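*Asks:* Sequence below, structure please.
(one chain, ligands or ions: 1)
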Amino acid sequence: MKRIAVLTSGGDAPGMNPAIRAVVRKGIYEGLEVVGIYNGYQGLIEGKMEPMTLGFVGDIIQRGGTKLYSARCPEFQTEEGQKKALEQLKKHEIDGLVVIGGDGSYRGSMILTKQGIPCVGVPGTIDNDIPGTDYTLGFDTALNTVVEAIDKIRDTATSHERTFIIEVMGRDAGDIAVWAGLAGGAETILIPEVDESMESIVKRLNSGSERGKKHSIIIVAEGVMSGTEFAEKLKDYTDIDTRVSVLGHIQRGGTPSGRDRVMASLFGAKAVEVLLQNKGGRAIGLRRNEVVDYDMQEAFEGSHVFDLSMYQLSKELSI
Ligand code: ATP
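*Replies:* Residues are numbered from 1 along each chain as shown. Modelled structure (predicted):
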């Protein structure tokens, strides 16, 4: 292994920049040449890449987003697109590739691995939902962003004695909703993993207001329904005055938290170590607080382990 490349793909996540920095610096430290590919698989197909220097990744450890840009690339899902990508990798004499992204990006990298270019995946998605790892880059920063927003909304909720419905990201996974709900003291959390009846939700809201609660915070993960839809639904059951706040893309941005920077550095460096052993089709992850590499197939076939006990605890603490 002489020359490796790195790209970021799919939705951006805080922590991608420190991960790129770690791959580039660890690679150079180990005597490798490191190439940066711009715009994910789209840039790979188009040959948009250049050798990285130590300086290129200077001053990015604290920045959100990705200096290499990200993209979704439908062309790469065709045989024709994959052929072009492989030709570019061969033309630029790239022996191995680090792909930072979600499970879709992993699937793309698996195709390249099978065609003879060893690829290693680094989990970069705020949703924390890649099977096989307890942590994905960006989750902690997104969590802090949501908690900060809840705290601010709570001031208004209290002042006006209102119930606020806050819609957060999470199409298939309720991790952001549950962690933020627990940290923000939400009364009700709606997540894709649990189907709670409207009757039970309303009962809890009513018992809160009966004991004199001035406000309520309801967190809705977008995968369940939109905040507005939930507010409409609630009207059929209660007269409680609600307001909806959709946090949207602010959850994907911002300066990566300390935890995300450290995890990104550990994951990025581990990815280089794995490539140095000529291993492809591997994913980097955290298991029981240890950074590991595992068969990427597990990320496709396994299911994300959701901690139901945290959801349960949030209910117990919001009686
Ligand atoms: P996130 O879910 O956080 O947005 P992701 O990596 O899952 O991240 P996707 O949009 O699913 O995001 O995938 C990113 C890119 O990876 C796609 O645009 C496509 O180029 C490539 N890709 C995804 N799935 C496949 C697949 N099955 N085969 C080949 N390439 C794929």
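
*Asks:* Enumerate the residues of the stretch 101-250 of the chain near the ligand.
*Replies:* 101, 102, 103, 104, 105, 107, 108, 111, 125 (Cβ under 6 Å from any ligand atom). In this view, the C-beta of every residue, glycine as well, is placed from N, C-alpha and C.

*Asks:* Would you mind giving the secondary structure of the residue of the chain found nearest the ligand?
*Replies:* Going by Cβ to the nearest ligand atom, the ligand is nearest to residue 104 of the chain, at 1.9 Å. Assigned with DSSP: H, G, I helix; E, B strand; the rest coil, residue 104 falls in the helix class.

*Asks:* Surely it touches residue 10?
*Replies:* Yes: with contacts defined as Cβ atoms under 8 Å, residue 104 counts as touching residue 10 at a distance of 5.4 Å.

*Asks:* any residues in contact with both of those two?
*Replies:* Both residue 104 and residue 10 are in contact with residue 72, where contact means Cβ atoms under 8 Å, 6 or more residues apart in numbering.

*Asks:* who has more neighbours, these two?
*Replies:* Under the neighbour definition other Cβ atoms under 10 Å, residue 104 and residue 10 were set side by side, and residue 10 has more, 22 against 16.

*Asks:* for the closest residue to that one other than its chain neighbours, phi and psi?
*Replies:* Excluding its sequence neighbours, the residue lying closest to residue 10 (Cβ to Cβ, 6 or more residues apart in numbering) is residue 101, at 4.1 Å. The phi/psi pair for residue 101 (degrees, to the nearest 10) reads phi 170, psi -160.

*Asks:* Can you give me the neighbour number for residue 101?
*Replies:* 30.

*Asks:* what about dumping the CA coordinates of the longest helix along the chain to PDB?
*Replies:* In the chain, taking DSSP state H as the definition, the longest helix is helix 139-159. Output of helix 139-159 as PDB, limited to C-alpha atoms (Å, rounded to 0.1, in the frame of the first residue of the first chain):
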ATOM      1  CA  PHE A 139     -24.100  12.300  16.800                       C
ATOM      2  CA  ASP A 140     -22.700  14.100  19.900                       C
ATOM      3  CA  THR A 141     -22.600  17.500  18.100                       C
ATOM      4  CA  ALA A 142     -26.100  17.100  16.800                       C
ATOM      5  CA  LEU A 143     -27.300  16.000  20.300                       C
ATOM      6  CA  ASN A 144     -25.800  19.100  21.800                       C
ATOM      7  CA  THR A 145     -27.400  21.300  19.200                       C
ATOM      8  CA  VAL A 146     -30.800  19.900  19.900                       C
ATOM      9  CA  VAL A 147     -30.400  20.100  23.700                       C
ATOM     10  CA  GLU A 148     -29.400  23.800  23.300                       C
ATOM     11  CA  ALA A 149     -32.500  24.400  21.200                       C
ATOM     12  CA  ILE A 150     -34.700  22.600  23.700                       C
ATOM     13  CA  ASP A 151     -33.400  24.800  26.500                       C
ATOM     14  CA  LYS A 152     -34.100  27.900  24.600                       C
ATOM     15  CA  ILE A 153     -37.600  26.800  23.500                       C
ATOM     16  CA  ARG A 154     -38.300  25.800  27.100                       C
ATOM     17  CA  ASP A 155     -37.900  29.500  28.200                       C
ATOM     18  CA  THR A 156     -40.700  30.500  25.900                       C
ATOM     19  CA  ALA A 157     -42.700  27.400  26.700                       C
ATOM     20  CA  THR A 158     -42.600  28.300  30.400                       C
ATOM     21  CA  SER A 159     -43.200  32.100  29.900                       C
END
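
*Asks:* on contacts alone, who are the packing partners of it?
*Replies:* Packing partners of helix 139-159 (3 or more Cβ pairs under 8 Å, 6 or more residues apart in numbering; DSSP states H and E): strand 163-168, helix 175-184, strand 216-221, strand 242-246, helix 258-276.
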